[in-house]
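**Student:** Provided below are the primary sequence and the corresponding predicted coordinates.
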Amino acid sequence: MPEASSLPRPPAAGRIKAALTVALFAALFVLAFRQTGFNFQALFSGTADFFRFFGRLVPDWSALPQIWPPLIQTIQIAYVATIVGSLLAMPIVFLASSNTSTDPVTLWIARTLLTVLRSIPDLLWAALFVAVLGLGALPGVVALVFFTMGVLAKLGSETVEAIDPGPLEALRAAGAGRNRTIVFAVVPQVAATMVSYILYVFEINVRASVVIGLVGAGGIGQLLLRYLNFFDYTGVAAIIVVIFAVVLLIDGFSVWARSKLI
């Protein structure tokens, strides 16, 4: 084994570039640290208040009859949004992939659409659709459909671009059309991964459907906001425990299902 002194050293230009990169990130961190007002002293001085507040969060299990209907609606919002969003995302997956898109213009349009969809947070989508469609579950479903399309199409297009090009080129050489090439050369390679992504997005949507309820987009978030407005912390605690249990169960099932697929 060669000694450390005999190992080749990176060129001076590379070392300077690395040092400048580290210095840039350090300077940006210091700047952000100061401008955000992050203060360890304030953080630790509020520890007593933190534990005092959480000491008041004793679940009131008599609130369960009120919790179940909006909780079920929350899961339904996530489920419908995931299915509809996944179906709408599938064509965009292949249009936004360089190896399956029809032409450069279509590729650019599809990728620009994905950028727009992903640049707007799900909470903002929900607030916009609540203003248009009114309070209830419908704006929540539509908001998460847009969110699902953006995330799933982006992950899917990157997966399609990473496939083995051999089957794709073989079918094209044999004269197969674009659709047949995608069905027989691309889909078999990405199907399991795409189902895994859909399960992952469903997990995210369950959590997001709780948050978007805070702006009136249906689900248990609306009940949570009502409890908070009336300082009913025992009801808030019951909702937190129930949401935690449900998300834990869904995460466990999703992890198990993805392990069977990949």
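**Tutor:** Cool, got the structure.
**Student:** now do the spatially most central residue of the chain, the pLDDT please.
**Tutor:** In the chain, the centroid-proximal residue (CA atoms, centre = their mean) is residue 204; its distance is 5.3 Å. pLDDT for residue 204: 89.
**Student:** could you say which helix or strand holds it?
**Tutor:** Counting by DSSP states H and E, the element that carries residue 204 is helix 187-212.
**Student:** what does residue 91 give?
**Tutor:** helix 64-95.
**Student:** pop the domain breakdown of the chain in here.
**Tutor:** 9-43, 58-261 (automatic domain parsing).
**Student:** can you pull the buried residues of the shortest one?
**Tutor:** Of all the residues in domain 9-43, not one is buried under the rule 16 or more other CB atoms under 10 Å. All C-beta atoms are positioned from the backbone trio N, CA, C, and that covers glycine.
**Student:** one step back: next secondary structure after the helix holding residue 91?
**Tutor:** helix 104-119.
**Student:** what helices and strands are in contact with the next helix or strand after that next one?
**Tutor:** For helix 104-119, the following helix or strand on the C-terminal side (DSSP H and E) is helix 122-133. Applying 3 or more CB pairs under 8 Å, 6 or more residues apart in numbering; DSSP states H and E, one finds that helix 122-133 contacts helix 137-161, helix 187-212.
**Student:** export these as JSON lines, with columns for distance to residue 118.
**Tutor:** Output for the helices and strands packed on helix 122-133, formatted as JSON lines (distance: least, CB to CB, whole Å):
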{"stretch": "helix 137-161", "distance to residue 118": "4"}
{"stretch": "helix 187-212", "distance to residue 118": "12"}
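**Student:** confidence-wise, which of those is weakest overall?
**Tutor:** helix 187-212 (a mean of 88).
**Student:** got the buried residues for that helix?
**Tutor:** Quick answer for helix 187-212 (16+ other CB under 10 Å): 190, 193-206, 208-212.
**Student:** repeat that for stretch 245-255.
**Tutor:** Buried residues in stretch 245-255 (16+ other CB under 10 Å): 246, 250, 254.
**Student:** name the residues that touch stretch 231-247?
**Tutor:** 56-61, 63-64, 66-67, 71, 75, 203, 206-207, 210, 220, 223-224, 227-228 (CB atoms under 8 Å, 6 or more residues apart in numbering).
**Student:** centre of the chain to that stretch, how far?
**Tutor:** Remark: stretch 231-247 is offset 23 Å from the chain centroid, using CA atoms, centre = their mean, to the nearest Å.
**Student:** rounded mean pLDDT for that stretch, please.
**Tutor:** Per-residue scores along stretch 231-247 average to 86.
**Student:** hang on, the earlier thing: of the buried residues of stretch 245-255, which is the nearest to residue 125?
**Tutor:** residue 250 (21.6 Å; CB to CB).
**Student:** name the element that closest one belongs to?
**Tutor:** With DSSP H and E as the test, residue 250 turns up in helix 233-261.
**Student:** quick one: that helix to helix 64-95, angle?
**Tutor:** Put simply, helix 233-261 runs at 40 degrees to helix 64-95, going by axes from the mean of the first three to the mean of the last three CA atoms, to 10 degrees.
**Student:** how far does helix 233-261 sit from the chain's center?
**Tutor:** That offset, for helix 233-261, works out to 16 Å (CA atoms, centre = their mean).
**Student:** what of stretch 174-183?
**Tutor:** 32 Å.
**Student:** now swap in stretch 140-149 and tell me
**Tutor:** With CA atoms, centre = their mean, you get 11 Å for stretch 140-149.
**Student:** for the remainder of this discussion, apply numbering that starts at 49.
**Tutor:** Sure thing, new numbering starts at 49, so read that last one as stretch 188-197.
**Student:** outside of that stretch, which residues touch it?
**Tutor:** 125-126, 128-130, 132-134, 136-137, 140, 165, 168, 170, 173-174, 176-177, 181, 249, 253, 256-257, 260-261, 265-267.
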